[in-house]
Each structure stands twice: as structure tokens, then as C-alpha cells.
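Got a sequence here, can you build the structure:
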Amino acid sequence: MNHRDWQYLKPWLKQLKSVRLQIFIGLGLATATALFGIGLLSLSGWFITAAALYTAFDIYTPGAGIRFFAVTRTLSRYVERLINHDAVLKLQARWRVALFKRLQGRSLASLAPLRVADGVQYLTRNLDAMDNLLLRLMAPVLVFVLSSCLLILFWGICIPSAAIALAIAALLVLFVSVRMAKQTRALAMQQLQSTQRLRRQSMAFTESATELLAWGAYKTHRQALLKQAQRQEQLDDKQLAIQHKTLWLVEIFSHSVFLLAVILSGFAFETGMISSAEMIMLVLSALAWQEIAAELPSQWGGYGKTVAAAKHLLANETSVRKPVKSHSSKPLKKAVSLTLDNISVKRGKRVLIRPVSAQFKPGYVHWLNGPSGLGKSSLAEAIMGWLPCFTGKITLSQGADVDNHISFLTQRTEVLDGSIRENLNLSHQPIGDEELWAVLQLVELDNVVRALPESLNTLVGARGVMLSGGQLRRLVLARVLLQGRPIILLDEPFAGLERQLAKRMLENIVAAYKDKTWIIISHLGPNELDNPKIPQGETVVLKPF
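Numbers count the residues shown, from 1 in each chain. Okay, the predicted model is just below:
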């Protein structure tokens, strides 16, 4: 394992400490199972040979040994499976907790592009691949090394030359297995990327099938998807070819050891060093060692996938924005102003807007205008601290912090598959029905909700199918107003609304919350809304960089 792979696996290997006793017992039982298997086959061969050649010998001692190896092998295998699989389930739980902690530490800018397919990739395929750390990487190597060492010592007592041959073969098996792991590592990285790309393309193809049919592009996109699937299959076949080649080499080494064991034990029998029964026991122990050696390349074929999964789980981590220190963690009751000092925003490698300076005061409605695609939403995310500022700084008066003093209506309308009451009060604050109805009236949604079968307790359904797009937009705006924070940042709050409705709604909410600092990001301005009767503040027109 090189240094880079160690860095990828280190965070997940740390979790092994929590179940180290259980892992120690499980690996010990796995090794004992392999040794009991060798002992059972070897002693059974000796017993059968001795029974055929000798007219009188003690059958009870070897018979008891055979029964001991048979029973203990079965028992140790059963208990080993229980302990190791229980340890893996515990590790899976801890790995998921560690994963969510790492995701929590990433900025929204890095999490925003993630789709459902990425979440599935994180929680299923990648974490499942981490099982290999214990069951398919650590356990097979430990069992192989310990079994080989003990068998070498046993052979060394009877036939030293055979023990030397076994030691060389064991080293060769380890060498080709490690070499295979290195070869498949780069290939596994490509497989992971290809699988993720195929999953995304498949989901996009399924979601847009109707539009593709309408535009006559269905067959073209289907062919592209099939080609991607073929590329994925080619990568899988290539990895299997490398794994089969390694297994073929291991079989050559193990068969060579078996052949040498037959030859050397035959010479030892002819010279009187060992008996015929002992000769058969040595040969059969070599046959049992073959099975253990064959497990190594088949299990270590997943090394590359495990490293690739660990790398993907740790990829694109970014530091969390350090919040501005505040004298109080609770929202300030007084009005709060917000100042932009020479702010510009960078997304990726592109600087979006020219530096902006403005001061947004309480009691006024301030506007951030600009054409679509310029970077208005990116500026809003920078104000919230979700994107780093390329230049300048953002400050709030009275030492207030962003997290507790700005309510943000994002451009996307996100609702839960729950009731209207639950969607209005996501944090389960002690808000009475009167307050809920009051804010629904401000956004002119109260009559719509009253007409629903269960009023506030009506389920909006998946993606809010019970309400129209404009009604959902007003619902999430009401949710923002209920937070009671002094600064309200609205990104395209009038999307899907008629202009007269937007005008009335804006006048209602501003009149109801006169002490708030209003910042509205929209391609519409006061003129497009027929100059609503609100206290107009500064209008900032964003310009491309």
C-alpha cells in the first residue's frame, strides 16, 4: 500500500479501533478455521493410508483427532461468520456517521451539484465496497500468512527442502497478488467514474424520455447510453482478465508446491525418513494450502474498488465557512443592517460580477438587479456564506452573524412530502395556528389552504403535487417570514406569480414587517411591478466582470 492509498483508507481504518477486540477474535477464528481444515484433510489422509497398510495400530487417537478437527472447523467457521459480519455491520454504521459528518463539513457549493444518483453512490456502492477492508483484504492476507508460516514450520520438521519450496511459493503468491492490486487500482478508478456517469445518464434518459421522443432524439440518446454501458462492460472484462491471469499464476505456484511435496515426500519415504501415512499427510496438506492460496487473488481483486470508493467518499472536501462571532446565538430583536464592501464572487475558475458595494438598511426594500445567468444567486449564496467571496467582505451591524439573522428564500422551491403545517414550521418551533393563518393571508394563500380537505394538515404530496407552482412559491415564502429574522433575502420571490399578485403580496409583507431589512434579487424591478407602495431602498445593478 503506497502513501496515497493509505491517506484514502486511513479515516475508515480508524473506525476499526471501536471493534478491535471483535476483529481480533474474528480474524483468529478465521485463521483457526483454515488450520483446522488443513489438519482435517491431512490427518484423514494419514488415517486412511495407515488403515490400509497396517494391520494393527491405535485407531482411537487419530479418530478422535479427525472428529476434533471436523467439529472445531465447523464451529469456528460459524462463530467467525457471526463475529466478523456483526463487526462489519457495526463498522458500516460508524462509516455512515463519519460520511455524514464529512458531508456536513462541506460547503453548499460543493454539495449543490450532487444529484440523487450521487447520494445512492455514496450510501450504497461506495460504502459497501468498504466491507472489503475487513472481509476481503485484511482477513485473507492474515489467514494466508499465518497458515503458510505454521505449515512451513510443520514441513520443516519432516522435510526442510519442502518447507523452503513452500516459503518461496507463498512469497510469490503474495507478490503476484500485490502486483494485481496495483494493476487494477487505476482500472478501478475508471470503473467508478464510468459507473457514476452511466447512472447519471440512465436517470437523465429516463426523466427526459418524453421530451426526447418529441424532438426525435430518443434513439440517438439510447445509442449513446448503450455505448457507455459497453465501455463499462469492457472495463469490467479487463479487470476480470487481470484477476484470472493472477489466479492462473497462483495455481501454477500452488500446483508446483503440490508436485514438489509429492516428489520430496516420496524420496523421504524411500530413505526411511517418514512413513507412507506421513507422506500422504504432507501431500494432502499441500492440497489444502492450495485452496487458501487461491482465495488471495480472488479477494484482493477488490482492492482497487475499495481504494477508489474511499477516494470518492473523501473527494472535493472543502472547509466550512467560519461564521462571524456573535455576542448571542439567538436572533437579535432589533433591526440589523447589512454591508457589502467591494464584493465579487467566483464560481469555479470564473469571476462572475464586478465588485459590488452597498449598504442595506432596516425598513427599506433593496433590489439586486441584473440579467439572468449573471450571478445574482451566487451573490446571494456568498451573502449567506455558502460561497467564498473572491474580493471584499460582508458585515452585519451589532456583531450579528449570518446563520441566525438572515432568512433566505432560495431560487428553488423545496417542500417536504408532509403537511402544510409541517412545511411552514420545519424546525418545529412553538408557532400557533393564528400566526400560521396570518402569514398565509399576507401571501394570499389562506383561502387556498382553507379549501383543502384537511386545511393545515393536508399533505402536499411528493414535490408538492397538491399545489401549483405559484402556490408552492408563496408557501415557502411564508415559511421564510415565520423565521422572524431581521434580514430577509429573497431570490426570485415572484417566480410563477402574476405581477398584480406579486405587487399586492410584496406590499402586504413589507407593511406587516416594517423593521425588516429587505433584499430582493430579481430580474424584475419596482417599475415592472407597477411601483408598489413600499419604502424603496438602494437598487444595485450587477454588471458582468
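
export the lengthiest strand in the chain as PDB, just CAs?
Criterion DSSP state E: the longest strand present in the chain is strand 338-347. Only the C-alpha atoms of strand 338-347 are listed here, as PDB (Å, rounded to 0.1, in the frame of the first residue of the first chain):
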ATOM      1  CA  LEU A 338     -26.000  44.500   6.100                       C
ATOM      2  CA  THR A 339     -23.000  46.000   4.200                       C
ATOM      3  CA  LEU A 340     -21.300  44.700   1.100                       C
ATOM      4  CA  ASP A 341     -17.800  46.100   0.800                       C
ATOM      5  CA  ASN A 342     -16.300  45.600  -2.700                       C
ATOM      6  CA  ILE A 343     -17.800  42.100  -3.100                       C
ATOM      7  CA  SER A 344     -17.100  39.900  -6.100                       C
ATOM      8  CA  VAL A 345     -17.900  36.200  -6.400                       C
ATOM      9  CA  LYS A 346     -16.000  33.400  -8.100                       C
ATOM     10  CA  ARG A 347     -17.600  30.100  -9.100                       C
END
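
Tell me how many other residues surround the residue lying closest to Gly302 once chain neighbours are set aside.
Spatially, and ignoring its direct neighbours in sequence, Gly302 is nearest to Asn132 (4.6 Å; CB to CB, 6 or more residues apart in numbering). No exception for glycine: its C-beta is placed from N, CA and C like everyone else's. When neighbours are defined as other CB atoms under 10 Å, Asn132 has 22 of them.

what's near enough to touch Asn132?
Contact analysis of Asn132 by CB atoms under 8 Å, 6 or more residues apart in numbering lists 299, 302-303, 305-306.

One more: Leu497?
Counting by CB under 8 Å, 6+ apart, Leu497 touches 470, 473-474, 505.

In strands only, show me the residues you listed.
Per DSSP E, the subset of these in strands is empty.

pLDDT-wise, what's the bottom of the residues you listed?
Within these, Gly470 has the lowest pLDDT, namely 80.

What is the burial count for it?
17.

roughly how far apart are the residue lying closest to it once chain neighbours are set aside and Pro371?
Nearest non-adjacent residue to Gly470, counting by CB to CB, 6+ apart: Gly496, 4.0 Å away. To Pro371, Gly496 is 19 Å away according to CB to CB, to the nearest Å.

Who has more neighbours out of the two?
Of the pair Gly496 and Pro371, Gly496 is the one with more neighbours under other CB under 10 Å, namely 14 against 11.

Which residues are in contact with that one?
468-470, 473.

Kindly recompute the last result at 10 Å.
Taking CB atoms under 10 Å, 6 or more residues apart in numbering, we find Gly496 in contact with 413, 468-474, 502.

Quick one, which of those are buried?
For these, a neighbour count by 16 or more other CB atoms under 10 Å gives the buried set as 413, 470-474, 502.

between those residues, which is closest to Ala30?
Distances from Ala30 to the buried ones among the contacts of Gly496, taken as CB to CB, are shortest for Thr413 (53.5 Å).

so is the closest one in a helix, a strand, or just coil?
coil (DSSP: H, G, I helix; E, B strand; the rest coil).
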